[in-house]
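Engineer: Generate coordinates for the sequence data below:
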Amino acid sequence: ASVITHTPSGRTTTYGKVAAAAGKLTPPADVQLKDPKDWKLVGKRLARLDTVDKVTGRQVYGADLQLPGMLNAAIKDCPVFGGKVKSFNAAAIEKRPGVKKVVRVGDSAVAVVADTWWRAKTALDALPIEWDWGEHAKASSAEFAKVLKAALDATEAAVGNQNGDAKAALAGAARKVEAVYSYPHQNHATMEPMNATVRYTPERCEVWTPTQNGEAALAAASEASGLPPAKCEVYKLHLGGGFGRRGAVHDWVRQAVEIARQMPGVPVKLLWSREEDMLHGRYHPVTQCKLQAGLDAQGNLTALHMRISGQSILAGVAPASMQNGRDPVVFQGLNPGGPEASFGYSVPNLLIDHAMRNPPVPVGFWRGVNLNQNTIYVECFLDEIAHATGQDPLALRRKLLGNSPKHLGVLDAVAKAVGWGTPPKDVKGQKVY
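Structural biologist: Residues are numbered from 1 along each chain as shown. Presented below is the predicted three-dimensional model:
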């Protein structure tokens with residue numbers, strides 16, 4: 001892969017070796033595209049090269065990696081976000097079979113290094129740890145839900161999309177429909193828990209890890225090791241699920257490097273337990289949403305106010321990307337214009353805004369990101385409007401998508417495929433389209 005071959009001479013080189021020189025070339029103004037009749041790969045079913053290894057169990061993932069002389073580490077971070085380690089009694093477990101070392105990792109975690117992971121994990125379970133729970137010890141989902149509910153009516157909010165005067169139109173509407181929805185924190189729950197293997201010396205830091213972002217993994221290794229990036233190496237391994245968890249934030253890489261720094265020259269594999277993985281994810285943000293619709297006497301939608309209250313991913317992961325306190329990622333699928341992230345529906349008076357409220361739970365990008373809940377909020381509410389006004393849900397959407405031919409085309413294609421408008425089949429008493 002990634003090899004350039006000169007067939008007449010048999011000479012080869014890699015794309016990486018010529019990338020710098022290629023970057024200095026002026027791109028051609030007019031590129032002649034290959035005629036579809038000459039395509040060799042596009043449009044054809046091709047066998048993956050790794051399928052056999054995956055189905056027979058030979059594929060090496062991060063958790064499977066073995067290196068000569070490698071030790072294994074299990075880790076326990078404070079169960080409360082923002083908490084710290086107050087103390088731990090290493091003497092209580094350091095003489096257990098296979099245990100090599102008990103180490104503090106940062107301010108908030110303790111790890112046990114042993115000859116096998118199970119010995120490390122069971123020793124860690126037996127380790128007496130005293131925690132400083134910190135200021136969020138009494139935080140709860142129920143209490144934060146109250147914060148989100150209050151924010152649904154807050155006076156200040158960042159605007160993502162608006163036209164007309166939604167608030168005035170709602171005040172003068174012949175009829176109103178309102179609904180409130182919520183969406184919880186969700187863990188990525190990848191099949192393979194977080195893991196990294198690190199070999200550290202004062203001159204070099206090598207990291208083997210499953211990652212969606214090699215550059216971010218390298219940055220984490222460099223910062224945790226205290227070495228410049230040129231003296232660090234990250235080897236990307238097959239990952240057992242990512243979904244965004246192994247993208248922007250590489251907390252497990254930092255931990256693995258900090259552990260390996262305390263055992264120079266020895267490769268150490270850190271593998272999170274499933275419990276640790278569920279406790280210390282980078283969760284999909286929690287939100288609530290209030291939608292208010294104003295209708296005229298004929299049941300036409302004349303105004304819509306969509307208020308989102310909840311967490312910002314960018315505020316937690318990339319605050320430099322915020323725009324004057326506004327997180328543009330919040331409004332995925334709700335933006336004005338553009339075929340991919342636009343709202344699509346035409347409403348004479350529209351206001352979509354966000355009251356940001358961030359709990360202590362760390363967030364991250366989660367496959368689909370904010371389109372997940374935004375789509376549910378909008379489409380469920382349109383069904384509410386259709387029910388309240390006695391309209392066919394498809395007909396209502398088609399009417400609102402008159403200025404969005406791409407959206408309408410997709411909707412029509414789906415309606416045709418499921419046979420919308422024809423009597424549904426009866427499958428054991430359940431009507432199924």
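Engineer: Can you point out the buried residues in the longest helix that the chain contains?
Structural biologist: Of all segments of type helix in the chain, defined using DSSP state H, the longest is helix 371-389. By 16 or more other Cβ atoms under 10 Å, the buried positions in helix 371-389 come out as 372, 373, 374, 377, 378, 381, 382, 384, 385, 386, 389. (C-beta placed from N, C-alpha, C; glycine too.)
Engineer: repeat for stretch 334-347
Structural biologist: 334, 335, 341, 342, 343, 344, 345, 347.
Engineer: and of these, the nearest to residue 222?
Structural biologist: residue 341 (33.7 Å; Cβ to Cβ).
Engineer: Settle this for me: that closest one is touching residue 328, isn't it.
Structural biologist: No: using Cβ atoms under 8 Å, residue 341 is not in contact with residue 328, being 9.4 Å away.
Engineer: can you pull out the strands in the stretch 301-433 of the chain?
Structural biologist: Per DSSP state E, counting those that start in this stretch, the stretch 301-433 of the chain carries strands over the ranges 301-310, 349-356, 425-427, 430-432.
Engineer: Out of those, which one sits most buried?
Structural biologist: strand 301-310 (a mean of 24; mean count of other Cβ atoms under 10 Å).
Engineer: so what does that one touch, helix or strand wise?
Structural biologist: helix 141-151, helix 166-171, strand 287-295, strand 349-356, helix 371-389 (3 or more Cβ pairs under 8 Å, 6 or more residues apart in numbering; DSSP states H and E).
Engineer: for the chain, what spans make up the helices?
Structural biologist: Secondary structure of the chain (DSSP H): helices located at 15-22, 51-56, 117-126, 141-151, 166-171, 214-225, 251-261, 274-279, 313-317, 371-389, 393-400, 405-418.
Engineer: Any chance of a markdown table for the ones you listed, columns distance to residue 433?
Structural biologist: Output for the helices of the chain, formatted as a markdown table (distance: least, Cβ to Cβ, whole Å):
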| stretch | distance to residue 433 |
| --- | --- |
| helix 15-22 | 48 |
| helix 51-56 | 34 |
| helix 117-126 | 49 |
| helix 141-151 | 34 |
| helix 166-171 | 34 |
| helix 214-225 | 43 |
| helix 251-261 | 44 |
| helix 274-279 | 36 |
| helix 313-317 | 35 |
| helix 371-389 | 15 |
| helix 393-400 | 11 |
| helix 405-418 | 4 |
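Engineer: Show me which of the ones you listed has the highest average neighbour count.
Structural biologist: helix 251-261 (a mean of 25).
Engineer: roughly how far is it from the heart of the chain?
Structural biologist: On the basis of Cα atoms, centre = their mean, to the nearest Å, helix 251-261 sits 22 Å off its chain's mean C-alpha point.
Engineer: Name the residues that touch that helix?
Structural biologist: Residues outside helix 251-261 that contact it (Cβ atoms under 8 Å, 6 or more residues apart in numbering) are 73, 75, 103, 105-106, 109, 111, 113, 194-200, 205, 207, 209, 211, 217, 220-221, 223-225, 266-270, 272, 280, 282.
Engineer: Mind checking which of the residues you listed are buried?
Structural biologist: 73, 75, 103, 105, 109, 111, 113, 194-200, 205, 207, 209, 211, 217, 220-221, 224-225, 266-270, 272, 280, 282.
Engineer: What about the residues you listed, which are in strands?
Structural biologist: When the buried ones among the contacts of helix 251-261 are checked against strands (DSSP state E), the matches are 73, 75, 103, 105, 109, 111, 113, 195-200, 205, 207, 209, 268-270.
Engineer: what sits against the closest residue to residue 97 other than its chain neighbours?
Structural biologist: Of all residues not flanking residue 97 in the chain, residue 119 sits nearest, at 6.3 Å (Cβ to Cβ, 6 or more residues apart in numbering). Going by Cβ under 8 Å, 6+ apart, residue 119 touches 72, 96, 97, 98, 99.
Engineer: Let me have the residues you listed in a markdown table, extended by pLDDT and neighbour count.
Structural biologist: Formatted as a markdown table, the contacts of residue 119 follow (pLDDT from 0 to 100; neighbours: other Cβ atoms under 10 Å):
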| residue | pLDDT | neighbour count |
| --- | --- | --- |
| 72 | 98 | 22 |
| 96 | 98 | 15 |
| 97 | 98 | 10 |
| 98 | 98 | 17 |
| 99 | 98 | 20 |
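Engineer: Of those residues, which is the nearest to residue 165?
Structural biologist: residue 72 (62.9 Å).
Engineer: Go ahead and confirm residue 83 touches residue 133.
Structural biologist: Yes: using Cβ under 8 Å, residue 83 makes contact with residue 133 at a distance of 4.8 Å.
Engineer: how near is residue 123 to residue 114?
Structural biologist: 6 Å (Cβ to Cβ, to the nearest Å).
Engineer: quick one: common contacting residues for those two?
Structural biologist: With Cβ under 8 Å, 6+ apart as the test, residue 123 and residue 114 both reach 74, 98, 99.
Engineer: from these, which is closest to residue 415?
Structural biologist: residue 74 (52.6 Å).
Engineer: give me the beta-bridge partners of that closest one?
Structural biologist: residue 112 (DSSP bridges).
Engineer: how much space between it and residue 285?
Structural biologist: Taken as Cβ to Cβ, the span from residue 74 to residue 285 is 29 Å.
Engineer: Which of those two has more residues huddled nearby?
Structural biologist: residue 285 (28 against 24; other Cβ atoms under 10 Å).
Engineer: For that one, list the residues it contacts.
Structural biologist: Contacts of residue 285 (Cβ under 8 Å, 6+ apart): 185, 310, 311, 312, 313, 363, 370.
Engineer: Recalculate using a threshold of 7 Å.
Structural biologist: Counting by Cβ atoms under 7 Å, 6 or more residues apart in numbering, residue 285 touches 310, 311, 313, 363.
Engineer: From the contact counts, what lies against the helix or strand of the chain with the lowest mean pLDDT?
Structural biologist: Scoring the helices and strands of the chain by mean pLDDT, DSSP states H and E places strand 430-432 at the bottom, with a mean of 82. If contacts are counted by 3 or more Cβ pairs under 7 Å, 6 or more residues apart in numbering; DSSP states H and E, strand 430-432 sits against no helix or strand.
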